[in-house]
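**Q** Return a 3D structure for these sequence lines:
(one chain, ligands or ions: 2)
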Amino acid sequence: MKKNWWNGKVAYQIWPKSFCDANGDGIGDLQGILSKLDYLQALGVDILWLSPIYKSPFVDQGYDIADYYAIAEEFGTMEEFDRLLAETKKRGMHIIMDLVVNHCSDQHDWFQKALADPHGEYAERFYFLPGRDGGPPSNYRGYFGGSTWEPVPGTELYYLHMFAKEQPDLNWENPVVRQKIYNMVNWWLEKGLAGFRIDAIINIKKVPGFPDYPVDGPDGLASCTKMVEAAKGVGGFLQELKRETFAKHDAFTVGEVFNMKENELAEFIGDEGHFSTMFDFSAHELTFGENGWYDSKPLRFEDWRRTLFAAQKKVENVGFWANIIENHDEPRGVSRYLPSHAQNEAGAKMLGTTSLLLRGIPFIFQGQEIGMTNCRRTDISQYDDINTKDQYQVALDAGCTVEQALEACYVNSRDNARTPVQWSDAPHGGFTTGQPWLAVNPNYTTINVAEQEGREDSVLNHYRRLVALRKSAVYGETFTYGAFEPVWETEPDILAYLRRDEAHTILVAGNYGPEARTVTLPAPARELLLSNLGREELPAGTALTLASCESAVILL
Ligand code: GLC
Ligand code: CA
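**A** Residues are numbered from 1 along each chain as shown. Ligands and ions are numbered 1, 2, ... in the order given. Got it, this is the predicted structure:
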């Protein structure tokens with residue numbers, strides 16, 4: 001496999017609206033990010049992924065872009081962005097941004113022109129189609145609920161939107177659209193961006209004629225993913241995109257890819273793949289419900305372990321995953337993956353350890369490094385997220401009580417990850433001096449950066465040691481390129497694996513159970529590289545006892 005500049009890097013996702021507010025308007029901004037660059041450097045991360053900062057009406061929090069060449073006023077100016085680029089470069093760090101090109105905002109100039117002339121050339125940049133049998137062109141349900149088709153005012157036409165109706169899908173079959181997108185991507189890369197996280201990209205290929213699929217819900221619609229799964233030829237678009245843009249700049253790209261066909265992994269992330277890497281969502285998919293959040297499933301440790309290991313094995317001769325425990329679309333990892341007895345600092349450090357040392361490129365989501373948790377709300381009005389509002393309604397429509405619907409949101413809501421970063425125990429977690437756009441998690445008084453900063457055994461300081469170990473001069477190669485080998489796969493509660501190359505064999509192990517467990521090391525322990533419980537000594541023989549919630553990284 002080819003070696004690339006990004007293979008040994010650690011990435012960090014910033015969700016700008018909730019990261020740090022420098023001017024007191026309650027909204028995170030570029031100045032806020034600038035003020036925290038030293039903090040990020042001290043954490044040891046190399047690549048910063050900024051979720052969308054483009055001009056947007058924020059119907060889907062910036063994933064609805066009105067101008068791809070402009071910074072949202074809420075976040076700052078292009079001059080500030082250029083400063084941010086320069087300052088990160090100074091610190092040896094890189095910036096990647098979100099590339100959201102399956103759709104744009106209905107406020108984008110192209111769409112406004114399309115509405116003004118629904119049979120003209122701008123309408124051809126979208127999917128404007130006549131209805132069928134007095135209704136929309138097909139029976140698809142969008143990702144945020146309701147039909148994917150919205151009437152074009154004053155016409156018999158409908159336009160397609162896989163996400164919110166304010167996010168019309170761009171027509172990738174139109175060469176003008178593709179060329180304009182490539183120009184835009186190159187413009188940012190020439191500015192000095194290191195690459196992109198590529199949003200919802202599987203959706204760009206549609207099935208010609210938009211056939212109906214069998215109804216799969218009480219709303220009489222069929223999930224639009226049925227069409228996505230049936231679509232053929234997305235690779236053609238993705239290879240062209242790569243050739244025209246990323247390849248010319250040696251850019252790092254990470255795809256958000258759901259519903260990929262089984263045998264396409266190498267096409268996506270092999271040496272000649274469409275992307276440098278893509279997120280491994282296989283563990284996340286374990287808790288998905290059949291019908292929505294209200295019937296999401298609890299996580300079983302054995303399933304999680306088996307799924308993680310299978311994903312690692314699947315990719316070993318192909319490429320590298322991007323590994324996450326959470327992002328802006330997911331609940332917090334510590335609330336999702338840790339059993340209740342482990343929802344504490346030791347558990348957060350253990351989860352970080354066993355996740356960051358997997359083979360692949362680790363992505364830390366803001367606040368993960370201090371163990372931020374899900375946030376309970378008592379009324380749906382306290383949520384902002386469009387997806388959460390839809391899923392709340394889906395739950396009520398399915399017969400859930402208000403309490404049950406709120407519980408489903410507590411467990412699954414995207415707003416769990418979107419509450420402001422907890423910098424200190426000052427009002428609103430020190431995120432803003434004003435009123436935050438989304439209320440901070442009340443546990444900021446105990447979980448915050450300032451408290452953890454100086455405390456040796458904090459989650460934050462553990463993450464610093466963990467990132468440093470992963471990138472260390474001695475073991476960095478092994479953690480980056482070394483093989484992944486599961487150990488004690490049938491042992492209850494233990495998640496453990498080896499990272500191994502010619503130079504080193506390193507054991508990474510965590511005990512997720514409520515009791516201590518003793519396992520037999522495959523070889524004598526030589527050195528303890530990292531402990532989450534302040535362990536200093538290793539056993540002389542090969543019997544290793546791990547306390548509940550204990551993790552250890554051991555050189556064998
Ligand atoms: C991706 C983003 C998500 C957004 C959606 C539509 O899944 O991660 O936040 O809502 O695409 O752009
Ligand atoms: Ca602000």
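
**Q** which residues touch residue 331?
**A** For residue 331, the contacting residues are 374, 411, 412, 413, 416, 417, taking CB atoms under 8 Å, 6 or more residues apart in numbering as the criterion. From N, CA and C alone the C-beta is placed, and that goes for glycine too.

**Q** All the strands of the stretch 51-200 of the chain, residue numbers only.
**A** In the stretch 51-200 of the chain, the segments counted as strands under DSSP state E, counting those that start in this stretch are 54-55, 67-71, 94-99, 128-130, 140-141, 149-151, 157-160, 195-198.

**Q** Looking at those strands, which is nearest to residue 246?
**A** Proximity of the strands of the stretch 51-200 of the chain to residue 246 was assessed by CB to CB; the nearest stretch is strand 195-198, lying at 6.9 Å.

**Q** is ligand 1 contacted by the closest one?
**A** No: Strand 195-198 does not reach ligand 1 (CB under 6 Å from any ligand atom); its nearest approach is 8.5 Å.

**Q** Contacts for stretch 296-311 next, please.
**A** The set of residues that contact stretch 296-311 without belonging to it, under CB under 8 Å, 6+ apart, is 280, 282-283, 286-289, 321, 336-337, 339, 358, 408, 411-412, 486, 489, 493, 495, 497, 512.

**Q** Generate a ChimeraX selection restricted to the buried subset of those.
**A** With 16 or more other CB atoms under 10 Å as the criterion, this ChimeraX line picks the buried residues out of the contacts of stretch 296-311:
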select :280,283,286,287,321,336,337,339,358,408,411,412,486,493,495,497,512
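
**Q** So what does residue 145 have for phi and psi?
**A** When read as degrees, to the nearest 10, the backbone of residue 145 gives phi 90, psi 160.

**Q** how close does it get to residue 100?
**A** As judged by CB to CB, to the nearest Å, residue 145 and residue 100 stand 20 Å apart.

**Q** So for the two, which residue has more residues nearby?
**A** Using other CB atoms under 10 Å, the more surrounded residue of residue 145 and residue 100 is residue 100, with 28 against 19.

**Q** Which positions in this protein make contact with ligand 1?
**A** 60, 63, 100, 163, 199, 200, 256, 328, 329.

**Q** hang on, the earlier thing: and the furthest pair within the contacts of residue 331?
**A** Using CB to CB, the contacts of residue 331 reach their maximum pairwise distance at 411 and 417, which is 12.8 Å.

**Q** Give me the distance from stretch 393-402 to the chain's centre.
**A** In terms of CA atoms, centre = their mean, to the nearest Å, the centre of stretch 393-402 is set 27 Å apart from its chain centre.

**Q** Let's test this: mean pLDDT of it, rounded?
**A** For stretch 393-402, mean pLDDT is 97.

**Q** Not counting its own residues, what contacts that stretch?
**A** Contacts made with stretch 393-402 from outside it, assessed by CB under 8 Å, 6+ apart, are listed as 145, 218, 291, 292, 293, 294, 295, 404, 405, 408.

**Q** can you count the residues close to the second one?
**A** So the one you mean is residue 218. 10.

**Q** Tell me how far it lies from ligand 2.
**A** With distances defined as CB to the ion, to the nearest Å, the gap from residue 218 to ligand 2 amounts to 42 Å.

**Q** And for the fourth one?
**A** Computed as CB to the ion, the residue 292 to ligand 2 distance reads 34 Å.

**Q** I'd assumed residue 391 was in contact with that residue.
**A** Yes: taking CB atoms under 8 Å as the definition, residue 292 is a contact partner of residue 391 at 5.5 Å.

**Q** of these two, who's got more company?
**A** Between residue 292 and residue 391, residue 391 has the larger neighbour count (other CB under 10 Å), namely 25 against 22.

**Q** would the more buried one count as being in a strand?
**A** No: Residue 391: not assigned to a strand; according to DSSP: H, G, I helix; E, B strand; the rest coil it is helix.

**Q** The closest residue to it other than its chain neighbours - how many residues pack around it?
**A** In space, and not counting its chain neighbours, residue 391 is closest to residue 293: 4.3 Å by CB to CB, 6 or more residues apart in numbering. Other residues lying near residue 293 total 24 when counted by other CB under 10 Å.

**Q** Roughly how far does residue 93 sit from residue 404?
**A** Residue 93 is 44 Å from residue 404, by CB to CB.

**Q** Which one of those two is surrounded by more residues?
**A** Neighbours around residue 93 and residue 404, counted as other CB under 10 Å, are more numerous at residue 93. The numbers are 19 against 13.

**Q** check contacts around the closest residue to the more buried one other than its chain neighbours.
**A** Setting aside the residues directly before and after it, residue 93 is nearest to residue 46 in space (CB to CB, 6+ apart), at 5.6 Å. Contacts here follow CB under 8 Å, 6+ apart; on that basis residue 46 touches 9, 10, 11, 92, 93, 94.
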